[in-house]
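One predicted model, sequence on top.
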Protein chains: 2
Amino acid sequence: MKHALNVTREQDFAAWYQAVITEADLAEESGVRGCMVIRPWGYGIWERIQRLLDDRIKATGHENCYFPLFIPLSYFEKEAEHVDGFAKEMAVVTHHRLVADGKGGLTPDPEAKLEEPLVVRPTSETVIGTAFSRWVQSWRDLPVLINQWANVVRWEMRTRMFLRTAEFLWQEGHTAHATAEEAQGETLKMLEVYREFAETCLGLHVIAGEKPENERFPGAVATYSIEAMMQDGKALQAGTSHFLGTNFAHAQNIRFQNAEGQFEHANTTSWGVSTRMIGGVIMVHGDDDGLRVPPAIAPWQVVIVPMLRDAPEDEPLIAYCRELQASLARQTALGEPVRALLDLKPAKAANKRWGWVKKGAPVIIEVGGRDMAGGNVSVVRRDRLYRGDGKLDSAVVAKDDFVGEVGATLADIQAALLAQSTEKLRAAIVPVEDWAGVEAHFASGVKNPGWVDVRWSKPTGDALEAVVQRLKGLKLTIRNAPLGQTGCDDGPCVFTGAPAVERVLIGRAY
Amino acid sequence: MKHALNVTREQDFAAWYQAVITEADLAEESGVRGCMVIRPWGYGIWERIQRLLDDRIKATGHENCYFPLFIPLSYFEKEAEHVDGFAKEMAVVTHHRLVADGKGGLTPDPEAKLEEPLVVRPTSETVIGTAFSRWVQSWRDLPVLINQWANVVRWEMRTRMFLRTAEFLWQEGHTAHATAEEAQGETLKMLEVYREFAETCLGLHVIAGEKPENERFPGAVATYSIEAMMQDGKALQAGTSHFLGTNFAHAQNIRFQNAEGQFEHANTTSWGVSTRMIGGVIMVHGDDDGLRVPPAIAPWQVVIVPMLRDAPEDEPLIAYCRELQASLARQTALGEPVRALLDLKPAKAANKRWGWVKKGAPVIIEVGGRDMAGGNVSVVRRDRLYRGDGKLDSAVVAKDDFVGEVGATLADIQAALLAQSTEKLRAAIVPVEDWAGVEAHFASGVKNPGWVDVRWSKPTGDALEAVVQRLKGLKLTIRNAPLGQTGCDDGPCVFTGAPAVERVLIGRAY
């Protein structure tokens, strides 16, 4: 069977991923090392993610702010003292002027060297913590619940579009609380916001859980994640939430006077998701014909392609399509007005149809003269593109029926994508009882080994490091210990043989 | 009469401006040179501006994209050749790693020096133009209509919050067209979008017009602006739109094959507004009690302050206020659901009231036990804070009446702020017939000299430079030549004495 992409998931998953990004016009190389251009369809998906997640962040009481792109070097010196795993690969601004180099080019002006270099923010903990130390004086000032949508830069050696780029877009929430309990509650509340958002909006069934000690954000008391299952069986960490205790408050002097007049350090949290989520959407929902965008985050949910002939009869056809577009915009799907586009670009209708298939518009409508004459439209659902006989499943439907049902249709597609994600995730998680079983599972050479679900004794320090090294030999990592476990006293740890205390998921990861 | 700020506009306009920013919690110094922290109330206003302007940018057919923060030095070398007025004050990234300096601090790693320095984007013409050269091959690819919301950095020596900061937030539109006429039309269309947006949403009466040649964006064929009148009589350029002809297309090789198969260079445009607009809103609508935010861009349009006593009777009062908040949220104002906040922060009601006065919430509702007993609310309108006798104008109104009229009330406040802006602008523009009149006007020493409206012959080159220098002696600049003039053959140019061709506005500016 022929597909719209010239490489399949089965043939070469990495090449397929890149092909989807290119063919769906999501992003492209920018000519700047490690940075991508996010094209309108990719950025439109990001805008939908922003809108829907921002609503949730605000509904849970957070306010958006904006903090500087540049962070003075000295702020990191404070953190470097404080944090062992301090990452040093960062973009450093050292000059504030360019001058002619005398050879027809430009060069940083030696006269304009900064006294203190500025780091392009890799994350804003230090600069936001410094603001919190100004804002928080009394218990009355707590909690502080803020969020920032911003670009950040991490100098990655190997980059891959959406998954790992030098510059990426994200939101970072930062909060300060009077008690550890409240901060811990906030950490889990935002993890649940992410889980529910991934499920409801992205159609991604994810596993929310606690990361092992070795995977904690440097300086965090506990780090939680949502982990998604890609179609090649690898995990993608799609969002994290950190309980920072008073560690950052000590480093940044975030103190308050409690109701009894005593000074205490605040407990803080931070949590974030990024454009990486789009990589997850591609690798979960994409197929050999390109991307399939869940309707909730599709910039256009219904795309209307008229079969134009560059002739006078085009005019009534366009009028018919415009009326259809207007009728659709008055309908509601997933709680919002339907987003319908009329594609009038000068290109052949068949090429436009396949373009929208590759982009993954949830519903593609074709309208020709015969459709119009019968008061019909031809409907292609992107989530079920082919009939049993391998032909494109294009159904002729009365226009008014299509309009009346569009809300239900889009909701159905959204649900179908989630159901497929759930099914793939469940099928690819295998309980394993002992280390030999883990080795056998991942040594089997199957293309999609998925994850294993094992008991462990939650070792720490050197004992944990030994486990991490053993897993590294198989290119594996502990993804997380799923929340909501009801205890695990029915067997030994697969690593240490000691009594297990919980179950963890293990797999390969992006 | 006592006011909420401790400095008035009359006493010291610059100090007053800074006081509004601080007391309204709009922004604060960040500890990073020239960069500010935009606090929730200030950022909330920016989010409203983004939402309303973005709707208009999309409604006119543009799509959002995202381009890299970093631009390789070589891109500017190309532009530096091409553009005379090339600005060289820019933040330059030269290293990608920090290492310990052996003295307990960190330093850029000499081993991690970039082969080619990267410039933090001051604007994205070069990197977007490079993308356009990839995207545009045929007339079928035109027009390209894109926009970007982003942070940009310009290394300003003297900074002032919102008006001129090293880092600021903006949108930059970039388009490419097949013909000069179409690109010129786009330039004026987006100028009109800005004008209408400023009027409808910001309540700012602005003058749209063409900048003189000496104020053109380097490389532009024509630059247009909207100019707003501040309460001290200075102008604020609040948005610009540039017709770039084929100048940038030549430099960046944006070429297409026309319908006849011949290669042509595209005509391009660019246009932008920034967080600077918030500075304009402050200086037009602010008064001696703080900011007054037009309802269309107010994060919260109605703020409810219950008179809590930390006692059991608070409970029914809070319930009464919650019901009010919910009723308001079901109402519509200016085409959107009303945004109502219930302020339950632990502070005295009077302090909270004055806090919201200083922030400029359009309507402040106070509810005490007596109001509740009578089914009433006490209403303060921020646009008419005091009665004739100088006392706070707080009106007791039946709650249901207030709710039923809230849409009309907010529309009335929006209209009142615009009307005041229009009146102030009109009153502060004076027609002047000759150069002596210009000198006399600005030498008079009045605090608010406003602008003068004069005839000129639109000199170019050296003759224009002589005019610019003459004006500079009085700290004046030509703001723009208003659009829609119907000719100007009724007298001589105030500068050259030659026959005038149009009228221009002259004033001091931020």
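Alright, I've got the coordinates.

Every contact and neighbour count from this point should use C-alpha atoms.
Noted.

chain center to stretch A:373-388, what's the gap?
30 Å (C-alpha atoms, centre = their mean, to the nearest Å).

Please identify the buried residues of that stretch?
Buried positions in stretch A:373-388, judged by neighbour count with 16 or more other C-alpha atoms under 10 Å in any protein chain shown: A:376-383.

Chain B contacts on the stretch 101-250 of chain A?
A:104-108, A:117, A:127, A:131, A:140, A:155, A:167 (C-alpha under 8 Å from any C-alpha of the partner chain).

Mind picking out the helix or strand in chain A with the poorest mean pLDDT?
helix A:73-82 (a mean of 77; mean pLDDT, DSSP states H and E).

just to revisit the earlier point, give the PyMOL command for selecting the buried subset of the residues of the stretch 101-250 of chain A next to chain B.
Selection command for PyMOL covering only the buried members of these, criterion 16+ other C-alpha under 10 Å:
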select buried, chain A and resi 105+106+107+108+117+127+131+140+155+167
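
ok, A:Lys475 to chain B distance?
A:Lys475 is 27 Å from chain B, where distance means C-alpha to the nearest C-alpha, to the nearest Å.

wait, that residue sits on A:Arg508?
Yes - the pair A:Lys475 and A:Arg508 passes the contact test of C-alpha atoms under 8 Å, sitting 6.2 Å apart.

who's more crowded, the two?
Using other C-alpha atoms under 10 Å in any protein chain shown as the criterion, A:Lys475 and A:Arg508 rank with A:Arg508 on top: 21 against 13.

Check what pLDDT the more buried one gets.
Reported pLDDT at A:Arg508 in the predicted model: 97.

Find the nearest non-adjacent residue to the closest residue to chain B within the stretch 101-250 of chain A, please.
Nearest residue of the stretch 101-250 of chain A to chain B, counting by C-alpha to the nearest C-alpha: A:Gly105, 5.8 Å away. Ranked by C-alpha to C-alpha, 6 or more residues apart in numbering or on different chains and with sequence neighbours excluded, the top spatial neighbour of A:Gly105 is B:Glu77, at 5.8 Å.

does the closest residue to chain B within the stretch 201-350 of chain A count as helix, strand or coil?
Nearest to chain B, among the residues of the stretch 201-350 of chain A, is A:Pro346, at 6.2 Å (C-alpha to the nearest C-alpha). Assigned by DSSP: H, G, I helix; E, B strand; the rest coil, the conformation of A:Pro346 is coil.

Run through the strands of the stretch 251-400 of chain A in chain order.
A:255-257, A:263-265, A:267-274, A:302-306, A:332-333, A:336-337, A:340-342, A:363-367, A:376-381, A:394-398 (DSSP state E, counting those that start in this stretch).

For stretch A:75-89, measure first residue to last.
Taking C-alpha to C-alpha, to the nearest Å as the measure, stretch A:75-89 stretches 15 Å from start to finish.

picking up where we left off before, grab the two from the residues of the stretch 101-250 of chain A next to chain B that are most spread out in space.
Across those, no pair lies farther apart than A:Gly104 and A:Arg140, at 60.0 Å, counting by C-alpha to C-alpha.

Contacts only, for A:Pro110.
A:His95 (C-alpha atoms under 8 Å, 6 or more residues apart in numbering or on different chains).

so what pLDDT did it get?
92.

A:Gly105 now?
Value for A:Gly105, per-residue pLDDT: 85.

ok so, going back, which among the strands of the stretch 251-400 of chain A is found nearest to B:Thr8?
Nearest of these (C-alpha to C-alpha): strand A:255-257, 33.4 Å.

rewinding a little: tabulate the buried residues of stretch A:373-388 (a markdown table), appending pLDDT and distance to A:Lys424.
Formatted as a markdown table, those follow (pLDDT from 0 to 100; distance: C-alpha to C-alpha, whole Å):
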| residue | pLDDT | distance to A:Lys424 |
| --- | --- | --- |
| A:Asn376 | 98 | 36 |
| A:Val377 | 98 | 33 |
| A:Ser378 | 98 | 31 |
| A:Val379 | 98 | 27 |
| A:Val380 | 98 | 24 |
| A:Arg381 | 98 | 21 |
| A:Arg382 | 98 | 19 |
| A:Asp383 | 97 | 15 |
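
what's the closest of the residues you listed to chain B?
Within the buried residues of stretch A:373-388, the smallest distance to chain B is 23.0 Å, found for A:Arg382 (C-alpha to the nearest C-alpha).

That closest one contacts A:Ala361, correct?
Yes - with contact defined as C-alpha under 8 Å, A:Arg382 counts as touching A:Ala361 (6.7 Å).

ok so, going back, would you format the strands of the stretch 251-400 of chain A as JSON lines with distance to B:Cys65 included?
JSON lines is the format used below for the strands of the stretch 251-400 of chain A (distance: least, C-alpha to C-alpha, whole Å):
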{"stretch": "strand A:255-257", "distance to B:Cys65": "41"}
{"stretch": "strand A:263-265", "distance to B:Cys65": "42"}
{"stretch": "strand A:267-274", "distance to B:Cys65": "16"}
{"stretch": "strand A:302-306", "distance to B:Cys65": "20"}
{"stretch": "strand A:332-333", "distance to B:Cys65": "25"}
{"stretch": "strand A:336-337", "distance to B:Cys65": "23"}
{"stretch": "strand A:340-342", "distance to B:Cys65": "18"}
{"stretch": "strand A:363-367", "distance to B:Cys65": "23"}
{"stretch": "strand A:376-381", "distance to B:Cys65": "27"}
{"stretch": "strand A:394-398", "distance to B:Cys65": "32"}
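
Confirm that A:Arg56 sits in a helix.
Yes - under three-state DSSP, A:Arg56 sits within a helix.

So for the residue lying closest to it once chain neighbours are set aside, what pLDDT did the model give?
Using C-alpha to C-alpha, 6+ apart and skipping residues adjacent in sequence, the residue nearest A:Arg56 is A:Val193, 7.1 Å away. Here the pLDDT value assigned to A:Val193 is 98.

which helices and strands does the helix or strand hosting A:Val193 pack with?
Under the criterion of DSSP states H and E, A:Val193 resides in helix A:180-200. For helix A:180-200, the packing partners by 3 or more C-alpha pairs under 8 Å, 6 or more residues apart in numbering or on different chains; DSSP states H and E come out as helix A:40-59, strand A:167-177, strand A:206-210, strand A:222-229, strand A:235-243, strand A:267-274.

Which one of these lies nearest to B:Gln325?
Closest of the helices and strands packed on helix A:180-200 to B:Gln325 is helix A:40-59, at 14.7 Å (criterion: C-alpha to C-alpha).

Can you give the contact residues for the closest one?
A:24-27, A:63, A:147, A:193, A:197, A:201, A:275, A:278, A:296-299, A:359, B:63-66.

of those, buried ones?
Counted by 16+ other C-alpha under 10 Å, the contacts of helix A:40-59 give A:24-27, A:63, A:147, A:197, A:201, A:275, A:278, A:296-299, A:359, B:63-66 as buried.

How is chain A divided into domains?
A:13-72+A:124-285, A:295-423, A:429-507 (automatic domain parsing).

Tell me if I'm right that the residue of the stretch 101-250 of chain A closest to chain B and B:Tyr75 touch.
No - contact criterion C-alpha under 8 Å: A:Gly105 and B:Tyr75 do not qualify, at 10.4 Å.

isn't A:Arg164 right up against A:Glu156?
Yes - using C-alpha under 8 Å, A:Arg164 makes contact with A:Glu156 at a distance of 7.3 Å.

More neighbours: which of the two?
Between A:Arg164 and A:Glu156, counted using other C-alpha under 10 Å, the more crowded position is A:Arg164 (20 against 16).

beta partners for that one?
A:Arg160 (DSSP bridges).

Tell me where the model's unsure across chain A.
A:79-87 (pLDDT under 70).

50 instead?
Scanning chain A for pLDDT under 50 picks out A:85.

In contact with the residue positioned nearest the centre of it, which residues?
Nearest to the geometric centre of chain A sits A:Met277, at 1.4 Å (C-alpha atoms, centre = their mean). By C-alpha under 8 Å, 6+ apart, A:Met277 lies in contact with A:162-163, A:238.

Can you check which helix is longest in chain A?
Using DSSP state H, we find that the single longest helix of chain A is helix A:399-427.

mind listing what the helix or strand just after that helix pairs with, with the direction of each?
Downstream of helix A:399-427, the first helix or strand assigned by DSSP H and E is strand A:429-431. Neighbouring strands of strand A:429-431 in its sheet, by DSSP bridges, are strand A:451-456 (parallel).

That'll do, ta.
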